[in-house]
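[1] everything below, folded, please.
(chains A and B)
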There are 2 protein chains.
Amino acid sequence: MNIICLDLEGVLIPEIWINFAEAVGIAELRATTRDIPDYDELMQFRLKLMDQHGLKLPDIQAVIDNMAPMPGAYDFSQGLRRDYQLIILSDTFAQFAQPMMRQLEWPTLFCHELVVEEGGRISGYQIRKPDHKRATVKRLQELNFKVIAAGDSYNDTTMLGQAEQGILFCPPQNVIDEFPHFPVALDYVALREQIDRAISQF
Amino acid sequence: MNIICLDLEGVLIPEIWINFAEAVGIAELRATTRDIPDYDELMQFRLKLMDQHGLKLPDIQAVIDNMAPMPGAYDFSQGLRRDYQLIILSDTFAQFAQPMMRQLEWPTLFCHELVVEEGGRISGYQIRKPDHKRATVKRLQELNFKVIAAGDSYNDTTMLGQAEQGILFCPPQNVIDEFPHFPVALDYVALREQIDRAISQF
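    The predicted structure follows:
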């Protein structure tokens, strides 16, 4: 009775905001939680930039429609769904994720939602629950699942700590340095091996 | 932030034990909780019958491999996964469900597990958590999801009662009579309409 919880961006799909920043040529939009760890601060910064440049939800969705999961992500996630259960825990928004979820054949995704005005202006966002990744892992454990969690960034580390086994996937060096107790996997083969090994030891 | 929880057998796929009983021609295997209300007693009865007839896990899996989801179940479940999030809550066992989950393109499934010996003999079973359907809905609500739950039978009614909206799908008359406060849907079109209507009123 094992469940795998994966972060989305940086683990299965590219960083949406970085790709959007490149597509529209606004360098400041490249900031992620790797740069601004406080998530609300980061989001308010992004939404303000969107407004300043007159960019709306359809502009981002047009970019996402042209994005694909990372090479190997489809097969990796399908293998997990065949052998275990998979829930994706992400700090992205449902409106952004949908085109990528379709390409991944609709794995279960817990994330947040944008507040969108008529006409497409993003006026704000609704966080499903603070620190929802860790909270979700905890609730799954209360349902007698053993949880393996993998993510790449700061906002994954509480989830990784709560899980029976947390694994860092292709993290930046500062996250490795700050959280040296988590094993690191640098590709899907290694990540899958670490997941299988952890489960065999439960 | 809505999530749909569906029972499996009788909602998306046919009853596994009944189909297995017919395939192997052992009438006693058709027994359900209507005949033997105590679930553990029923399962021990089934496992003893399996042993007496020399039947092992691969024999059941061969039957399940030839079963298909109920007509319309694939499109119905795909539609829910596109528009909301879907988790299937079932009292079946992971080893039985896998061939059907593949046909449904691996929706997330929370269920129980068989204890299987080398060689395939089923020696017992492991319940993930008592009343796990209701418990799961409760945990999802604690994660700030609003939950719509649908099922066909007695063992779904605590889940239906816990959800923001419970719906009976093609239930037997005695369940309708005993739980008259739950709306009833008799096909997927009606079930989908009731789900959408409930969510529009949140």
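[2] residue A:150 touches residue A:12, doesn't it?
    No. Using CB atoms under 8 Å, residue A:150 is not in contact with residue A:12, being 10.0 Å away. For the C-beta atoms, the positions are set from N, CA and C on the backbone; glycine is no exception.
[3] overlap of the contact sets of those two?
    Residues touching both residue A:150 and residue A:12 (CB atoms under 8 Å, 6 or more residues apart in numbering or on different chains) are residue A:6.
[4] next, work out how far apart the residue nearest to residue A:114 when sequence neighbours are not counted and residue B:121 are.
    Spatial nearest neighbour of residue A:114, chain neighbours left out: residue A:93 (4.5 Å); criterion: CB to CB, 6 or more residues apart in numbering or on different chains. Residue A:93 is 49 Å from residue B:121, where distance means CB to CB, to the nearest Å.
[5] neighbour count for those two, which is higher?
    Set residue A:93 next to residue B:121 and count neighbours by other CB atoms under 10 Å in any protein chain shown: residue A:93 wins out with 22 against 15.
[6] what are the ranges of the strands in chain A?
    Under the criterion DSSP state E, chain A carries strands at the ranges A:2-6, A:85-93, A:108-116, A:122-126, A:146-151, A:165-169, A:184-185.
[7] up against chain B, what does chain A have?
    Applying CB under 8 Å from any CB of the partner chain, we find that chain A lies next to chain B at A:1, A:78, A:81-82, A:85-87, A:98, A:102, A:105-110, A:113, A:126, A:128-129, A:132, A:135-136, A:139-140, A:142-145.
[8] show the buried residues in those.
    In those, burial by neighbour count holds for A:1, A:78, A:81, A:85-87, A:98, A:106-110, A:128-129, A:132, A:135-136, A:139-140, A:143, A:145, counting by 16 or more other CB atoms under 10 Å in any protein chain shown.
[9] domain assignment for chain A?
    Domain assignment of chain A by automatic domain parsing yields the ranges A:2-12+A:69-200, A:16-64.
[10] circling back: now, which of the residues of chain A next to chain B lie within helices?
    Applying DSSP state H to the residues of chain A next to chain B, the entries found in helices are A:78, A:81, A:82, A:98, A:102, A:132, A:135, A:136, A:139, A:140, A:142.
[11] mind listing what the fourth one touches?
    When you say that, I think you mean residue A:98. residue B:82.
[12] likewise the one 5 residues further on?
    Applying CB under 8 Å, 6+ apart, we find residue A:103 in contact with A:68, A:69, A:74.
[13] could you export those residues as a markdown table, including neighbour count?
    Formatted as a markdown table, the contacts of residue A:103 follow (neighbours: other CB atoms under 10 Å in any protein chain shown):
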| residue | neighbour count |
| --- | --- |
| A:68 | 12 |
| A:69 | 19 |
| A:74 | 15 |
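[14] in helices only, show me those residues.
    Judged by DSSP H, the subset of the contacts of residue A:103 located in helices is residue A:74.
[15] nearest to chain B among the contacts of residue A:103?
    Within the contacts of residue A:103, the smallest distance to chain B is 12.0 Å, found for residue A:74 (CB to the nearest CB).
[16] skipping its backbone neighbours, what lies nearest that closest one in space?
    Once flanking residues are discounted, residue A:74 sits nearest to residue A:104: 6.2 Å by CB to CB, 6+ apart.
[17] do residue A:68 as well
    Nearest one to residue A:68, counting by CB to CB, 6+ apart, is residue A:103 at 6.4 Å.
[18] do you know the pLDDT at that neighbour?
    Per-residue pLDDT puts residue A:103 at 95.
[19] ok, residue A:116 next?
    On pLDDT, residue A:116 comes in at 94.
[20] got it, and the one 10 residues further on?
    In the prediction, the pLDDT value recorded for residue A:126 is 93.
[21] surely it and residue A:112 touch.
    Yes. Using CB under 8 Å, residue A:126 is in contact with residue A:112, at 6.2 Å.
[22] start to end distance for stretch A:124-135?
    23 Å (CA to CA, to the nearest Å).
[23] distance from that stretch to the middle of the chain?
    Stretch A:124-135 has its C-alpha centroid displaced from the chain centroid by 12 Å (CA atoms, centre = their mean, to the nearest Å).
[24] can you pull up the bridge partners for the residue nearest to residue A:176 when sequence neighbours are not counted?
    Distance criterion CB to CB, 6+ apart; nearest residue to residue A:176, sequence neighbours excluded, is residue A:184 at 6.1 Å. Beta-bridge partners for residue A:184, by DSSP bridges, are residue A:168.
[25] fine by me, we can end here.
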